[in-house]
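Novice: Predicted model follows, preceded by the sequence.
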Amino acid sequence: MYNTEDRPAEDLEELSGPDESSEDTPQTAADDIASQSGDPNFMTSLARGLTVIQAFSQQRRLMSISQISQKTGIPRAAVRRCLYTLNKLGFVSAEDGRNFALRPRILSLGHAYLASTPLAKAAQPVLRHISNTLNESSSIAILDGDDILYIARASTSRIMTIDLDIGSRLPAAYTSMGRVLLASLPAEEREAHLARAKLIKYTSHTLITVDDLRAELEKVRAQGYAIVDQELEIGLRSIAVPIAASDGKVVAAMNIGVQAGRVSLSDLETRILPVLRAGSNELSLLLP
């Protein structure tokens, strides 16, 4: 367990904060927190603690104080205090006294949301039915900032390179569910998302200009579904439809992900799309 009285020697330099960098340093989580400094009701310490939690990922399950500080921009001294508090509360641990990992108790933070969300509660049996019918993995996600956040999923035994589960995040602009959700936004909000989008060429198929993404979102909005063909990863195709509440507002999206070598684009539209739309309509009836 982590003991603040037995700190590694290199942690003594944490008082200096993150390393100095050039003026071109990308915006960090610490910068976002600092931008709220004028708000007397904003709790900087709470924001820092939540940011430290979000620094962990599937790729970085173990992280040191210095690594978290570098990733978030939060001074090492503040990161250390956050981790000390989280450790005392049972949310993180450091078996070697240096590298921290999230503990299972962290799941309680997300469980409260999932337990109180009608869609997440109702979605699982519908997703299982869709997955069993098509023998493909199906998911539901919501828009969270510039990402999609997976809130329900039913997987098959097929092996995909991208390992997704509830709580996973992917860039909205390059996923079928994300494009469905972005296309449903009012024009002003949609343009704001496009202006912030990180244009990354993941594969040779990726749309990498704002004009191309804008045109694609208009197409998705008109046809009522989105197909992403190997833009995020070669060999991966997906198709998504919106899920709307009783007032017609799109609150989530549902998709099917397939291996491009097995399922053609035409098959996505003729065989899979009708099943997805039926599932979406069923879930919409259950929403307030």
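Specialist: Everything's here; your move.
Novice: all contacts plus neighbour counts: C-alpha atoms, from now on.
Specialist: Noted.
Novice: Show the backbone phi and psi for Ser138.
Specialist: phi -130, psi 150 (degrees, to the nearest 10).
Novice: Report how many residues lie close to the residue nearest to it when sequence neighbours are not counted.
Specialist: Closest residue in space to Ser138, ignoring its immediate chain neighbours: Ile256 at 4.5 Å, by CA to CA, 6 or more residues apart in numbering. Burial of Ile256 is recorded as 30 neighbouring residues (other CA atoms under 10 Å).
Novice: This protein: helices as residue ranges?
Specialist: Per DSSP state H, the chain carries helices over the ranges 29-34, 44-55, 65-72, 76-88, 107-116, 118-134, 176-183, 187-196, 210-223, 265-267, 273-286.
Novice: Which pLDDT value goes with Ala29?
Specialist: On pLDDT, Ala29 comes in at 83.
Novice: For the closest residue to it other than its chain neighbours, which residues are in contact?
Specialist: Distance criterion CA to CA, 6+ apart; nearest residue to Ala29, sequence neighbours excluded, is Thr72 at 5.2 Å. Residues near Thr72 by CA atoms under 8 Å, 6 or more residues apart in numbering: Thr28, Ala29, Ala30, Thr51, Val52, Ala55.
Novice: Any regions of the stretch 1-150 of the chain where pLDDT drops low?
Specialist: Applying pLDDT under 70 to the stretch 1-150 of the chain flags the ranges 1-26, 111-118.
Novice: Now with 50, please.
Specialist: Scanning the stretch 1-150 of the chain for pLDDT under 50 picks out 1-25.
Novice: what do you get for the stretch 151-288 of the chain?
Specialist: Those would be 159, if you go by pLDDT under 50 across the stretch 151-288 of the chain.
Novice: number of nearby residues for the closest residue to Ile272 other than its chain neighbours?
Specialist: Nearest non-adjacent residue to Ile272, counting by CA to CA, 6+ apart: Leu134, 7.3 Å away. Residues lying near Leu134 (other CA under 10 Å) number 16.
Novice: And the one 10 residues further on, by the same measure?
Specialist: One way to gauge burial is a neighbour count; for Asp144, by other CA under 10 Å, it gives 14.
Novice: Please list all residues in contact with the most centrally placed residue in the chain.
Specialist: Central residue of the chain (CA atoms, centre = their mean): Arg169, 1.8 Å from the mean position. For Arg169, the contact set (CA under 8 Å, 6+ apart) comprises Asp147, Ile148, Leu149, Tyr150.
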